[in-house]
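1. build me a structure from this.
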Amino acid sequence: MRDDDVPGVSRGCLRTAARPRPVTDGSVPAPVARGIPCPATGRHRGRDDLESSLTEHDRSTIQQDHSRQHDRSQRSPVGGADPLPLDTHDLLSEWGWTDQEAAAYAAIGDHEALRPARVVWQGRGGWVVQDGHGEHRVTASGRLRATAPDDRPVTGDWVAVRDRAVLTAVLPRRTSLRRKAVGRSQAQVVAANADLVGICAAATAVNPRRLERELVVAWESGATPLVIVTKADLVHPADLATTVEAVTALAVGVPVVTVCAPTGTGTAQLLEVLRPAGTVVFIGASGVGKSTLLNALQGSDLLATGAVRADGRGRHTTTSRHLVRLPGGELVLDTPGTRELGLWTDDDPGSLADAFSDVDRWAAHCRFADCSHGPEPGCAVTSAVASGEMPADRLASWHRLQRELVYVARSRDARLASEARRRHRAIVRQVRGTNRP
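-> All right, here's what the predicted structure looks like:
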């Protein structure tokens, strides 16, 4: 039936009403005519009739609702309707919440049932999250448990929680501290969304090769590395100066801080490097004093600590990962000590160049761009080693880590693995042909 066939009704009044105009000037939004004739007069009730029927209370209520919507859109970090109250944003910002996380959370939807939170504890028993109003022990949804191991929640992650009980999604990570899983060709995420990686090394026994490996892992994470020399009170001041000088030579361009947790020496300098709402993750071997240092920064015995064994090797006192907020607002993530730290990297080999910036600086003068710093002619790196300008063990360590990164990339890429097997078979056939009588 067309509109013209209905007597007394104007064209278009039976059509679906258009959506209301958006109001941006603060005025009361006009009701939309529904196209229904008035029963008394038979005349279509237009905008003027509906506006006149509004009471002062109705007008005040509409104006207040519009003002609240306008205020929320102004403070939204993503430019649209803000899914969180303003006080929740303020509370979460104390735990490192930024506009990047706000935009990622807004894209999830279903904000009536979900709330953002940060994982502050991870252990075999599950997870504990902080949503700005308190901590809650939670479990992961079945769908989240079915994802790849490196996509599951870890300490430092920002997550979406349903009913303060179930983790349903992990927000994209700004940084990701990873290592090769023990006995498997896959990554293990140690911590997420850290701004600094505090590499703890005991002044009593600094392992240069391990420190170089930890620097590669730190640079690969996307965070900024920081070397913390602990247990400064257990060595002679002259020996401590020599150790710090050697560490500084290995960690080229990386800040080095010396601390003594029992006396508090150096903790003020370390706090100057940190910042409120910024996250630093402590890594290092067992027994280097990570938990003791965190207790000293916190001002209380928050985490359990243990004595070093008689043979000098550390004990596995920490078995879970904690994210702690210090009195000054700094965030510290403590991790268990690791005896094995396998490298894991993506296709970009920049982390090795960052950790070995001295080698990379000499490599810029090599004759060939793809120089392997071995027997090639015109290699500036091997020339620097021969002249004593670079230690030979430094280049040997670079070669060792380079081979490990190539192996990791090969294990991740089926095509590279196939080519490696083909080259190996070709070499075997050539050797067999040479050795035949």
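2. quick one: L271 from D301, how far?
-> 19 Å (C-beta to C-beta, to the nearest Å). Bear in mind the C-beta positions are built from the backbone N, C-alpha and C, glycine included.
3. who has more neighbours, those two?
-> L271 (15 against 11; other C-beta atoms under 10 Å).
4. ok, the more buried one touching G329?
-> No. Between L271 and G329 there is no contact under C-beta atoms under 8 Å: 10.5 Å.
5. in stretch 218-238, what's buried?
-> By 16 or more other C-beta atoms under 10 Å, the buried positions in stretch 218-238 come out as 218-232, 234-235.
6. also stretch 271-281?
-> Applying 16+ other C-beta under 10 Å to stretch 271-281 flags V273, L274, A277, T279, V280, V281 as buried.
7. could those residues go into a markdown table alongside distance to P336, pLDDT and secondary structure?
-> As requested, these are arranged in a markdown table below (distance: C-beta to C-beta, whole Å; pLDDT from 0 to 100; DSSP: H, G, I helix; E, B strand; the rest coil):
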| residue | distance to P336 | pLDDT | secondary structure |
| --- | --- | --- | --- |
| V273 | 23 | 93 | helix |
| L274 | 21 | 93 | coil |
| A277 | 25 | 94 | coil |
| T279 | 18 | 96 | strand |
| V280 | 16 | 96 | strand |
| V281 | 12 | 95 | strand |
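8. between those, which is nearest E389?
-> Set against E389, the nearest of those by C-beta to C-beta is V273 (30.7 Å).
9. S93: how many residues sit nearby?
-> That count, for S93 with other C-beta under 10 Å as the rule, works out to 16.
10. now do the contacts for it.
-> A277 (C-beta atoms under 8 Å, 6 or more residues apart in numbering).
11. that one and V128: what is the separation?
-> 20 Å.
12. hmm, back to that, just the ones of the buried residues of stretch 218-238 in strands?
-> T224, P225, L226, V227, I228, V229, T230 (DSSP state E).
13. still on that earlier bit, C260: which of the buried residues of stretch 271-281 is nearest?
-> Using C-beta to C-beta, the buried residues of stretch 271-281 come closest to C260 at V273, 16.4 Å.
14. the helices in the stretch 101-250 of the chain, which residues?
-> 142-145, 208-221, 237-250 (DSSP state H, counting those that start in this stretch).
15. just name the most buried of these.
-> Most buried of these, by mean neighbour count (mean count of other C-beta atoms under 10 Å): helix 208-221, with a mean of 22.
16. ok, and what's touching it?
-> Residues contacting helix 208-221 (C-beta under 8 Å, 6+ apart): 175-179, 194, 197, 199, 201, 224-225, 227, 246-247, 250-251, 254, 283-285, 341, 343-346, 350-352, 354-356, 393, 397, 401.
17. give me the buried entries from the residues you listed.
-> 175-179, 194, 197, 199, 201, 224-225, 227, 247, 250-251, 254, 283-285, 341, 343-345, 351-352, 354-356, 397, 401.
18. adding distance to K290, write the buried residues of stretch 271-281 out as a markdown table.
-> Output for these, formatted as a markdown table (distance: C-beta to C-beta, whole Å):
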| residue | distance to K290 |
| --- | --- |
| V273 | 16 |
| L274 | 15 |
| A277 | 21 |
| T279 | 15 |
| V280 | 11 |
| V281 | 10 |
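19. between those residues, which is closest to A205?
-> Among those, and counting by C-beta to C-beta, the member closest to A205 is V281, at 21.9 Å.
20. in this structure the closest one contacts L196, no?
-> Yes. V281 is in contact with L196 according to C-beta under 8 Å; the separation is 7.4 Å.
21. now do the shared contacts for those two.
-> With C-beta under 8 Å, 6+ apart as the test, V281 and L196 both reach A223.
22. and C371, that one's in a helix?
-> No. Assessed with DSSP: H, G, I helix; E, B strand; the rest coil, C371 is coil; it does not lie in a helix.
23. can you list the domain ranges for the protein.
-> 25-75, 86-172, 177-334, 356-434 (automatic domain parsing).
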